Structures are given as C-alpha cells and as structure tokens.
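S.K.: Next input, structure requested:
(chains A and B)
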Amino acid sequence: MAAKKEDKVVSLEQAAGLVRDGDVVGLQGMGTQMAPMGMIRELIRAGKKRLKVVQLVGGIGMDWMIAAGCVEKVSYIIVNLDEFGMANNFRREVEAGRLEVEEYTEHQFLTRMQAGAKGLSFGVTRSGLGSQLLETHPDITKVIDCPFTGEKVIAVRALEPDVTILHAHRADKYGNVQFFPKPIWTDVDVFPRAAKKVIVTVEEIVDTDEIRRTPIHTGIPYFKVDAIVELPFGAHPCSLYPQYSFDREFFADYASESRTAEGTKKFLDKYVFGPKSHAEYLQLAGGAAALLRIRKWS
Amino acid sequence: MAEKFTDYTIDELMVVTLARQFTDDDIMLNGTVSFIPVSAALLARQTHAPGLTWVAGAVGVDADPGYIVGNTLDPTMWKNCVMYLPQLEDMWGYVCRNTLETFCIRGAQIDKFGNVNNSVIGDFKKPKVRLPGSAGMGDMATLDKKIYIWSTTHNSRTFVEKVDFLAAPGYLDGGDARQKLGLKNGPQIVITDLCVMDFEPTSKRMRLKSVHHGITPKQVQEKTGFELLMPDKVPETEAPTAEQIQILRDKVDPKSMRKLEFRGSETKV
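M.R.: A predicted model of the protein is given here:
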C-alpha cells in the first residue's frame, strides 16, 4: 500500500481515526525511550478497544493502554520501565487472566516483522531452539529442517501490523521522516515497512528543501506514511535522544502510583483524561521547568 | 607482601570478579538494567583487558561514556563510540553469526543446569507472578554465546531445582543435552552476592567454585534450592585490588548505579 505525495499533516484526533478497534498496532519505543506517548494518550481518550499491541519492549505507554482497557493482547520480548521497575498494570492484568500475551525472543519477533516487510509468509531464525517460548505460540513458531543442510531452524509466521505509530525528530508535510542520529532502531526501520498504515508524530515539521539537504537522516519515505502530527515533546515522559531525556520524576511518580489499580486510575485521570490539549498536558507535567530539566538530560 | 585489601563491598566484589572473566578477545554487548556487567566491562578495559570491545546498549561500538550516567540501555552510554550499530541487519547479524560471543544474563529463577527464567512463576498463560519477560536472553542463550550469569539474590527462590519456565536454555537436562540440540558454548560461570559457581564439565551441574569473604560453603548450600556439587576445598573469592576498587568507584561508576541492582537483595551494599 503506497501513500501519495500530498499534505498529510493532521491533528492528533484525526490521526487516531486511522486506528480501528481490534487492530494490530505496532508501537515504537522501549521502557523509557522514544515512544509515541502523545498519540498513545489520544488513543486512550478515543476509547479504542480490543487492540493487539505489538511492541518490542513494552513500556509506560503499553502499561497505560492496558490499564485503560484498550488492549486485548500484547506481543513483546520484555515489558518494563527500565530502572523504575515493573510495568504494574501489565503484571496485574496478566496475573488476573485478563490479558493475552505473546512473548518472543527478540530475533523471532524481528524476523516476523522482516518477513512481513518483504511480503513473505514466514522467515527463519536459529534464535530460541530449546526455549520453552516456542511452545507458547505453536501457531506462530515451528521448528523445521533446513532444506539444504537438514539443520534445525525455526520458521516464524510473518506479521503485518494494521498500523504502526512512531515519534520522530522531524518530517515534512508529505511524511519524509527524519531521525537524528539516522535510523538505527528496529522499530523505526522494519516496523513501518511491515505495517499497512503508518502514523508519525514529530517534534517539528520542516520544509521539504530542508529534507533534501539532509537525506542521510531520512528513515521513512513519504510513500510509506499516512499521517503526520506536529507534537513537540511528543515522547514525554519518554526520551527522544539527543533532544530530551526521559522525565525521571514523572516515571518515579508513576512507578509508585501504579502499584494499585486505584493509583493508576488517579494518575490516568490526571494526565490522560484531564488535559484538553497536549500543551495543557505538558503544563500539568511540570511545564517549562520540567521541559528544561529533561532537555539537560538531568 | 602487601597487606590484603579488604575495603570493598559485595557489589564491588561482584563487578571485579566478573571483570576478571573478560579478556582482550571479548566483544560484548549489554541489555537493560545491567549495571554490574557494564561496570565490569569498563573496569576490565581500564585494567587487564584494554582490547575488550564493548557495544554500549547493543548500539554504540567501542563507546566511552566516561562513567555510567543512567540506565545501561540509555543513549547516554553511546558517547564517543565509533559507530551506531543499525539493529536489524548489523547487530542481529553479528549476534546470529556469533561475531559477538559474550553476554551476561540474570533472572528471577536459575536452575542447577544454568537454565534461566525471567518470564513467569507458575503457569505461563495464567501465572502466579508475571515477570518482565525474557528480552534478549532467549536469543543469547540459544545463539551460541558464552553466558555469564549474575544474581544479587542468592536464595532458594532464585536458585531452584527446575525453572518454572525455561526461557533461556543453559545445559537443559545436563550432560550433552545442549550439544545434541546443536547449541554451542552456554553458561560459563555464575556470580552471586554469596559466591562464584561454575559447571562440572561432564554432568554440567552447577558447582561451587569460591565463597565470598565471611561466607561458608554450608551457608551457600542452605541458600540454594538444589544440591550444589561441592569440591573438597572451596577457596575464598579472590579479593579486589586497591587499584580495581579505586577505578570502579572514581571512574567507572561514581554514581554507584550498580547498587540499584540490590533492591530486593538480602545483601546490603
């Protein structure tokens, strides 16, 4: 599916309209890094349901979506908040039997996406032979013999997310998306290529001339992008290296509040459902002083 | 002979002991909240193994951040690297083909054959305790890595007869089980807050190698949920040198990030 070279700048609300209930949604980011948090808050406010969230390293955003009842199933290799500890809602909901999980080795997970991105029905890897993870998704991973050497390898079923969502440094209005440094992460590389639709929030929208001067930084071309939203500090409370760090105080607060379902609800009411705009959210999260602090990586 | 250096804490002893395993030939990368392995790599590089290659957070090749600023997966660790390793083709290519051969793992459960679990306690689908997940350990344990296991919670809940869920294969059921499956290398050593253990070459069972100062082999056995192989003589773990401790405290990890790994440990550092 190719997108045209046309103006794709939309509002958060409009972009959320591209995500349907029940979709397989790929998310960028890790425990504390580079997640499209502004878009995640919008999906929660829009009351999305039965989403199947696919994120290599699930973090605070996945935990919020789970807590808000948006998620039916999660696929991941690990879910945590880095040094802030467990993602408590993930833990609670899985232990209560209310959330389906698919855990992979990292290379199995990526090989699924890679196969999807190449239009193949499966990919192969040696990762995970002898691990019980294989038994937990027998319809996705199967041990087969190499047709040439007879060696045991694992066939993994391809995955094409319905939509993948990212937050990046900048883009033009057509959706040429740039990263600084140039794209190295798998979720800004293979996720968008495997997905049917791509939504990108960016720190700033720049002229196409500026993109043409610096094509080495372009990670996703316009023909793969469906919507662009300008959203400064759109990864907050996660980091966007090298522009700003994760918000240590915010994470510590959430790690503590999320120990109970009630604490989580209070937190989401305040930060997700309360603010009427992204600017209001940033104000609530500490405003200029907090933003200055994370820009200094302290 | 110089007086024996005794001014160290257990976190420091663990870092130094792990550092001593690394050589100039190692190329290692690290995962999240891995303060002890990263401290060990940086320390080894500044002492006996200047040629050791460390790929910071699996991204920053031969990085030199100065000291550990924040989490070990943070981009701040990439500082002064020679290359940002693109993850999909480059990093995973090197890992799958075993160009990168050294990796450190830890987990909520470790059994007598060095199998590791960080996924669940109880049933996988409806667990008693849901843990963060296996992350890269299922890859590294099956892609022929030399695995160094560390644990800050040496007790019978962590060291169990059999893991509830075998996410990262060590020597599986022992003997030649790992080899038969076509997996090379595997767990080399286990460093805990009480002792150092290795694996007996034939049975592949965990064996006590040394005990930290003030700990007895009997105490280690009491805190282990399976029968440890016990050599007749178990030496004390070699103490760090004053130089190693000074470099660790002043240069490698002045913010003492490594101590974060002792949350939930009975050992106070």
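
S.K.: What about the residue of the stretch 151-298 of chain A found nearest chain B, how many residues nearby?
M.R.: Nearest residue of the stretch 151-298 of chain A to chain B: A:Y241, at 3.7 Å (CB to the nearest CB). Just so you know, the C-beta spots here come from the backbone N, C-alpha and C atoms, and that holds for glycine as well. For A:Y241, the count of nearby residues is 19 (other CB atoms under 10 Å in any protein chain shown).

S.K.: Skip the chain neighbours and tell me the closest residue to it.
M.R.: Closest residue to A:Y241 apart from its sequence neighbours, by CB to CB, 6 or more residues apart in numbering or on different chains: B:P75 at 3.7 Å.

S.K.: was I right about that neighbour contacting A:S239?
M.R.: Yes. Look at B:P75 against A:S239 with CB atoms under 8 Å: they come within range, at 7.3 Å.

S.K.: And the strands in the stretch 1-150 of chain B?
M.R.: For the stretch 1-150 of chain B, the strands defined by DSSP state E, counting those that start in this stretch occupy B:27-29, B:53-56, B:60-61, B:83-84, B:102-105, B:109-111, B:116-117, B:120-122, B:127-130, B:146-151.

S.K.: can you put these in TSV and add mean pLDDT?
M.R.: TSV is the format used below for the strands of the stretch 1-150 of chain B (pLDDT from 0 to 100):
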stretch	mean pLDDT
strand B:27-29	94
strand B:53-56	96
strand B:60-61	96
strand B:83-84	95
strand B:102-105	96
strand B:109-111	98
strand B:116-117	98
strand B:120-122	98
strand B:127-130	98
strand B:146-151	98
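
S.K.: Same list (those) but as TSV, adding mean neighbour count and distance to A:R259.
M.R.: Listed next are those as TSV, based on neighbours: other CB atoms under 10 Å in any protein chain shown; distance: least, CB to CB, whole Å:
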stretch	mean neighbour count	distance to A:R259
strand B:27-29	22	32
strand B:53-56	24	32
strand B:60-61	22	34
strand B:83-84	17	36
strand B:102-105	26	27
strand B:109-111	27	23
strand B:116-117	26	24
strand B:120-122	19	19
strand B:127-130	17	14
strand B:146-151	23	24
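
S.K.: any idea which helix is longest in chain A?
M.R.: When chain A is scanned for its longest helix (criterion: DSSP state H), the result is helix A:106-117.

S.K.: who does it touch, helix- and strand-wise?
M.R.: Using 3 or more CB pairs under 8 Å, 6 or more residues apart in numbering or on different chains; DSSP states H and E, the elements in contact with helix A:106-117 are strand A:122-125, strand A:152-157, helix A:186-194, helix B:92-96, helix B:137-140.

S.K.: so which of the ones you listed is the most packed in?
M.R.: Highest mean neighbour count among these (mean count of other CB atoms under 10 Å in any protein chain shown): helix B:137-140, with a mean of 30.

S.K.: what mean pLDDT would you report for that one?
M.R.: The average pLDDT for helix B:137-140 rounds to 96.

S.K.: Now do the helices in chain B.
M.R.: Taking DSSP H as the test, the helices found in chain B are B:10-19, B:35-46, B:92-96, B:137-140, B:177-180, B:217-222, B:242-247.

S.K.: meant to ask about the stretch 51-200 of chain A, not that
M.R.: Listed in chain order, the helices of the stretch 51-200 of chain A (DSSP state H, counting those that start in this stretch) span residues A:60-67, A:88-95, A:106-117, A:133-136, A:186-194.

S.K.: so, in contact with chain B or not, the shortest one?
M.R.: What it means is helix A:133-136. Yes. Using CB under 8 Å from any CB of the partner chain, helix A:133-136 reaches chain B at A:133, A:136.

S.K.: Where does pLDDT dip in the stretch 101-250 of chain A?
M.R.: For the stretch 101-250 of chain A, no stretch is flagged by pLDDT under 70.

S.K.: residues in it within reach of chain B, list them.
M.R.: Proximity of the stretch 101-250 of chain A to chain B, by CB under 8 Å from any CB, involves residues A:103-107, A:110, A:114, A:125-133, A:136, A:151-152, A:181-186, A:189-190, A:239, A:241-242, A:245.

S.K.: Phi and psi next, for the residue lying closest to B:D25 once chain neighbours are set aside.
M.R.: Spatial nearest neighbour of B:D25, chain neighbours left out: B:G51 (7.5 Å); criterion: CB to CB, 6+ apart. Note on B:G51: backbone dihedrals following degrees, to the nearest 10 are phi -90, psi 0.

S.K.: Next, work out how far apart B:G51 and B:Q188 are.
M.R.: 19 Å (CB to CB, to the nearest Å).

S.K.: Which one of the two is surrounded by more residues?
M.R.: B:Q188 (15 against 11).

S.K.: Nearest spatial neighbour of that one, chain-adjacent residues omitted?
M.R.: Nearest non-adjacent residue to B:Q188 (CB to CB, 6+ apart): B:K146, at 5.3 Å.

S.K.: if we can go back for a sec, format the helices and strands packed on helix A:106-117 as CSV; extra columns: distance to A:A252.
M.R.: Converted to CSV, these look like this (distance: least, CB to CB, whole Å):
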stretch, distance to A:A252
strand A:122-125, 37
strand A:152-157, 37
helix A:186-194, 25
helix B:92-96, 33
helix B:137-140, 27
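
S.K.: of those, which approaches B:I10 most closely?
M.R.: With CB to CB as the criterion, B:I10 lies closest to helix B:137-140 of these, at 23.4 Å.

S.K.: For that closest one, name the packing helices and strands.
M.R.: Using 3+ CB pairs under 8 Å, 6+ apart: helix B:137-140 touches helix A:106-117, strand B:102-105.

S.K.: Helix A:186-194 and the first one, what's the angle between them?
M.R.: This points to helix A:106-117. Calculated by axes from the mean of the first three to the mean of the last three CA atoms, to 10 degrees, helix A:106-117 forms an angle of 30 degrees with helix A:186-194.

S.K.: Tell me what angle helix A:106-117 forms with strand A:152-157.
M.R.: Calculated by the same axes, to 10 degrees, helix A:106-117 forms an angle of 50 degrees with strand A:152-157.

S.K.: Show me the contact partners of whichever strand or helix holds A:M39.
M.R.: Using DSSP states H and E, A:M39 sits within helix A:37-45. Outside helix A:37-45, the residues that touch it by CB atoms under 8 Å, 6 or more residues apart in numbering or on different chains are A:12-13, A:15-16, A:19, A:25, A:27, A:51, A:60-61, A:64-65, A:68, A:70, A:165, A:167, A:199, A:201, A:229, A:231, A:234-238, A:268, A:271-273, A:278, A:281.

S.K.: Any quick ChimeraX command for the buried ones out of the residues you listed?
M.R.: In ChimeraX, a selection of the buried entries from those looks like this (16 or more other CB atoms under 10 Å in any protein chain shown):
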select /A:12,15,16,19,25,27,51,60,61,64,65,68,70,165,167,199,201,229,231,234,235,236,237,238,268,271,272,278,281
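
S.K.: Was I right to think A:L282 contacts A:L292?
M.R.: No. Shown here, A:L282 and A:L292 do not form a contact pair, counting by CB under 8 Å, at 11.8 Å.

S.K.: which of these two has more neighbours?
M.R.: A:L282 (19 against 12).

S.K.: and the more buried one, helix, strand or coil?
M.R.: helix (DSSP: H, G, I helix; E, B strand; the rest coil).

S.K.: show me the contacts for it.
M.R.: A:233, A:236, A:290-291.

S.K.: 10 Å instead, please
M.R.: Neighbour list for A:L282: A:38, A:232-234, A:236, A:275, A:288, A:290-291 [criterion: CB atoms under 10 Å, 6 or more residues apart in numbering or on different chains].
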